[in-house]
Each structure stands twice: as structure tokens, then as C-alpha cells.
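Colleague: fold the following.
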Amino acid sequence: MSDAADKPQGALVVGGGPVGIAAATVLAFRGWDVTVLDKRESPDAFEVEKAYVYLVDARGRQFTDAYGLTESMFETGVSIDKFTMTRVYADKQGIPPPAKSMMGQRKPGIKPSVWISRSQLLGIMDERARRAGVKIQYGTSVTGMELKDGAVEVTASGASPATYRPRLLLGCDGIYSAVRDFCAGL
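Modeller: Residues are numbered from 1 along each chain as shown. Purely as a prediction, here's the structure:
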């Protein structure tokens, strides 16, 4: 059926890291009305405990190519084709890189990987998700979840306090997931 009432709606994603934003983007492209809640103040907020870079390889490129992120990612990040590595040991003796860099060797037809900081990647992903119609609420934390009348009710506080009753709830909120803990108690 193509009736608007049959269109899936109401996905709530808790956690706006790479997995949460990627899931929200895919759902939006598939017709879902998606809201993301994230406790960080902005998409590119620096997080000391997560201040690392990602290597987006051929598997990650499947997502970035499909959703139009690759060009921005290469403009911001560093392609493995553009650097070499040298090992440095405790005695400060370096071993020069081989004539042909191992980092730059790829099978024919495989596109290069790119190194990009978490904050830069999240900034790019945030922009794409918003263009797809995803509503992202930064500075917002989940403060409660309960089962009410056969549906999950999620209460959030902070910059965008609200109560949500999603048809689909995704817990992308990390290793200490409040969503997973809630579901385990059902």
C-alpha cells in the first residue's frame, strides 16, 4: 500500500556517535521519521576519552559512498596514499620506510582508506543526517524509560526535554547502554 498512514514513523536513536548517526541516516532514507538524542553539546565536541581517529577502509566506504559522505571525508581527513610511516624505538633509532609503503598497497580497484578524527567524521555525518531529515537533539540525555500501554516511553532532559513514544527504539549509546539495560529488565 502507498497510503501515508502505512509509512513507518517514529524511530528514536539514543546516542549520536558514528553508529547512531549512521543508523539514523539509513532509516531516514528508508522513509522513517527519525530523532537522535545525544548528551554531547555538538556533533564535533571534543571528547577526551574518545579523542581518536578512525581509519575508514573499504568496508566503511560502502556506507560513505552510498550516502554521499566520501568526498567531504577525503577533504577533511588524510588518505593513506598521502603519507608513509616510520617505526621509532625507545632508543630513538628509526627504521626508514620501505621503498614501497605498506600503507599505500591495495588490491587493484580498491579505493584508498582515509584517517579522520572522530569529531570531524561526526560533523560530516551530522550534516548528512540532517539533510536526510533526521532531527538531532544535542545536549539531551535520557532520564527515564518505561513500558506504558504496550509501548516504550522515553523521557529526555537537557537542551531538548521531551517524552517520546517511538515505534522503533535504537540503543546506540555505548558500552553502558541505558537502552540495553532497560530492555534487559523487560
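Colleague: grab the longest helix from this structure for me.
Modeller: Once the chain is assigned using DSSP state H, the helix that runs over the most residues is helix 118-131.
Colleague: flag every buried residue along the helix or strand following that one.
Modeller: Note on helix 118-131: by DSSP states H and E, the next helix or strand toward the C-terminus is strand 135-138. Across strand 135-138, burial judged by 16 or more other CB atoms under 10 Å covers 136-138. C-beta: built from backbone N, CA, C; applies to glycine.
Colleague: what segments of the chain are helices?
Modeller: Counting by DSSP H, the helices of the chain are 18-29, 58-66, 70-76, 118-131, 178-184.
Colleague: using CSV, please lay out those helices together with mean pLDDT, distance to residue 143 and mean neighbour count.
Modeller: Converted to CSV, the helices of the chain look like this (pLDDT from 0 to 100; distance: least, CB to CB, whole Å; neighbours: other CB atoms under 10 Å):
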stretch, mean pLDDT, distance to residue 143, mean neighbour count
helix 18-29, 97, 18, 21
helix 58-66, 93, 31, 15
helix 70-76, 94, 34, 16
helix 118-131, 95, 23, 21
helix 178-184, 93, 9, 15
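Colleague: which one, of the ones you listed, ends up nearest to residue 172?
Modeller: helix 18-29 (3.4 Å; CB to CB).
Colleague: now do stretch 31-43, average pLDDT.
Modeller: Mean per-residue pLDDT for stretch 31-43: 94.
Colleague: any idea how far apart the tips of it sit?
Modeller: 23 Å (CA to CA, to the nearest Å).
Colleague: what do you get for stretch 173-180?
Modeller: Termini of stretch 173-180 sit 9 Å apart (CA to CA).
Colleague: same check, this time on stretch 113-123
Modeller: 19 Å.
Colleague: just stretch 11-18 next, same as before
Modeller: In stretch 11-18, first residue to last residue: 17 Å (CA to CA).
Colleague: how far off centre is it?
Modeller: Mean C-alpha position of stretch 11-18 versus that of the full chain (CA atoms, centre = their mean, to the nearest Å) differs by 8 Å.
Colleague: mind putting the helices of the chain in JSON lines, distance to residue 144 included?
Modeller: Below are the helices of the chain laid out as JSON lines (distance: least, CB to CB, whole Å):
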{"stretch": "helix 18-29", "distance to residue 144": "19"}
{"stretch": "helix 58-66", "distance to residue 144": "32"}
{"stretch": "helix 70-76", "distance to residue 144": "36"}
{"stretch": "helix 118-131", "distance to residue 144": "25"}
{"stretch": "helix 178-184", "distance to residue 144": "9"}
